[in-house]
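S.K.: dropping the sequence and predicted coords here.
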Amino acid sequence: MECPKCGFVSFDDFEICKNCGEDTGVTRYPQPDLSRTMELIRESLKEIEDTKLNDLLKNEIKPESSNQSEVRNIKKGGFWIRFLAFAIDNVIIYFISLLLLAIGALAVGVTYSPGEGDYFERLGEIIPFPYSLTVIIMTMVYYTYFIGSIGQTIGKLICHIKVVQTNGEPLSYGQAFLRWVGYLASGIFLSFGFFWIAVDPNRQGWHDKIADTYVVRV
């Protein structure tokens with residue numbers, strides 16, 4: 001900077017000339033306090049982190065809805081009442097399957113002729129695979145339809161128990177199908193997934209946990 005009166009030159013700005021003492025007309029602003037600035041930045045960052053942590057905790061630890069709490073407190077269907085309902089459903093499916101077997105036997109009998117060998121031997125060769133496949137499909141449709149539509153099979157209706165989601169809402173057909181698939185998982189290892197109902201606090205079998213369902217008393 002150059003003094004307008006005496007021409008003294010300096011590499012920094014100055015209000016009073018160091019040579020002649022003349023007022024140069026330059027206003028010097030105070031230098032920023034870097035330590036204070038850094039302190040303010042740190043305080044701001046800490047405040048942001050605390051806010052994010054609080055938001056995260058609020059999102060992760062959500063209180064149960066009143067509906068979920070009510071369903072959790074409703075009396076669940078225990079092992080034996082569910083076993084009885086399951087047995088009733090299986091008896092119904094069994095009699096329907098016998099009807100299908102009779103229809104299949106009749107169809108084989110119509111095409112039977114004495115020269116084709118023993119009738120029952122021929123029946124045993126033809127019926128098992130289509131019969132077994134039909135029973136599996138019928139069982140899937142039975143449980144998926146009834147649980148998906150009203151939350152109860154005929155056996156559950158008789159025993160006054162019902163399948164609901166853990167939030168208390170009824171199941172969709174997709175969830176009912178998933179629960180039926182869960183039956184297959186519960187049936188492995190000597191049906192351990194079904195026996196799990198007896199020891200689980202919420203009386204859930206493996207299929208209930210897979211489909212996120214409760215079986216409640218109604």
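M.R.: Structure received.
S.K.: tell me the buried residues in the longest helix anywhere in the chain?
M.R.: Longest helix of the chain, by residue count under DSSP state H: helix 79-110. Applying a neighbour-count criterion of 16 or more other Cβ atoms under 10 Å, one finds 79, 81-86, 88-89, 93, 97, 100-101, 104-105, 108 buried in helix 79-110. For the C-beta atoms, the positions are set from N, CA and C on the backbone; glycine is no exception.
S.K.: what sits against the nearest residue to Leu84 once chain neighbours are set aside?
M.R.: Residue nearest to Leu84 in three dimensions, not counting chain neighbours: Cys159, with 5.7 Å by Cβ to Cβ, 6 or more residues apart in numbering. Cys159 is in contact with Gly77, Ile81, Arg82, Leu84, Ala85, Ile88, counting by Cβ atoms under 8 Å, 6 or more residues apart in numbering.
S.K.: separation between Cys159 and Gly168?
M.R.: For Cys159, the distance to Gly168 equals 20 Å [Cβ to Cβ, to the nearest Å].
S.K.: can you check Ser191 too?
M.R.: 28 Å.
S.K.: ok, these two, which is more surrounded?
M.R.: Each of Ser191 and Gly168 has its neighbours counted (other Cβ atoms under 10 Å); Gly168 has more, 17 against 13.
S.K.: confirm that one sits in a helix?
M.R.: No: assessed with DSSP: H, G, I helix; E, B strand; the rest coil, Gly168 is coil; it does not lie in a helix.
S.K.: give me the three-state assignment for Arg203.
M.R.: coil.
S.K.: name the nearest of the buried residues of helix 79-110 relative to Ala198.
M.R.: Among the buried residues of helix 79-110, Phe79 lies closest to Ala198 (Cβ to Cβ), at 4.1 Å.
S.K.: run a quick check on that closest one versus Trp196, I expect a contact.
M.R.: No: with contact defined as Cβ atoms under 8 Å, Phe79 does not reach Trp196; the gap is 9.2 Å.
S.K.: low-confidence stretches in this protein?
M.R.: 1-5, 7-34, 36-38, 41, 45, 48-71, 108-127 (pLDDT under 70).
S.K.: what are the boundaries of the helices in it?
M.R.: Going by DSSP H, the chain shows helices at 34-60, 66-73, 79-110, 119-126, 128-149, 154-159, 173-195, 206-211.
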